[in-house]
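Student: Build me a model from this:
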Amino acid sequence: MLEMDLTVALEVLNALLLLGLLHVFMQNYRSMKTHFGLGLLLFAGILFLQNLTALGFHFFMVAYYSKEVAFHALALKALESAALLV
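Tutor: As a prediction, the model looks like this:
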């Protein structure tokens, strides 16, 4: 299924982008020690965990996904990728 392969590729891309954001947010938090910086760090960390969980679901439960769901998963991951790239 092409849609699921693209979804997995976007999830990997999102995870890498979030690792970069986590690195930047960690440096900012270390230098400024603000609550806002901590909030950004927690937000990016939780979003990173969500991406890893989704990636695991796609690898281990791919047989249970239907073609109807594949396009919607791809659309959501594409929107997330666009948001992280901005």
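Student: quick one: buried residues of the helix or strand that contains E68?
Tutor: Counting by DSSP states H and E, the element that carries E68 is helix 67-85. For helix 67-85, the buried set under the neighbour-count rule, 16 or more other CB atoms under 10 Å, comprises 70, 73-74, 77, 80-81, 84. (Each C-beta comes from the backbone N, C-alpha and C, glycine too.)
Student: Against which helices or strands is it packed?
Tutor: Counting contacts by 3 or more CB pairs under 8 Å, 6 or more residues apart in numbering; DSSP states H and E, helix 67-85 packs against helix 2-32.
Student: relative to helix 67-85, how tilted is the helix it packs on?
Tutor: 30 degrees (axes from the mean of the first three to the mean of the last three CA atoms, to 10 degrees).
Student: Tell me how far helix 2-32 lies from the chain's centre.
Tutor: Helix 2-32 has its C-alpha centroid displaced from the chain centroid by 6 Å (CA atoms, centre = their mean, to the nearest Å).
Student: looking only at pLDDT, what's the mean for stretch 35-54?
Tutor: Per-residue pLDDT values across stretch 35-54 average out to 96.
Student: And stretch 57-76, by the same measure?
Tutor: For stretch 57-76, the mean per-residue pLDDT is 85.
Student: Pull up the distance across that stretch, start to finish.
Tutor: 15 Å (CA to CA, to the nearest Å).
Student: and what of stretch 58-73?
Tutor: By CA to CA, the extent of stretch 58-73 from end to end equals 10 Å.
Student: So which residues make contact with it?
Tutor: Contacts with stretch 58-73, where a contact means CB atoms under 8 Å, 6 or more residues apart in numbering, come from 1, 3-4, 7-8, 11.
Student: ditto for stretch 27-44
Tutor: The contact list for stretch 27-44 (CB under 8 Å, 6+ apart) reads 18, 21-22, 25-26.
Student: with the residues you listed in mind, which one is nearest to F48?
Tutor: For the contacts of stretch 27-44, the residue nearest F48 by CB to CB is L18; the value is 4.2 Å.
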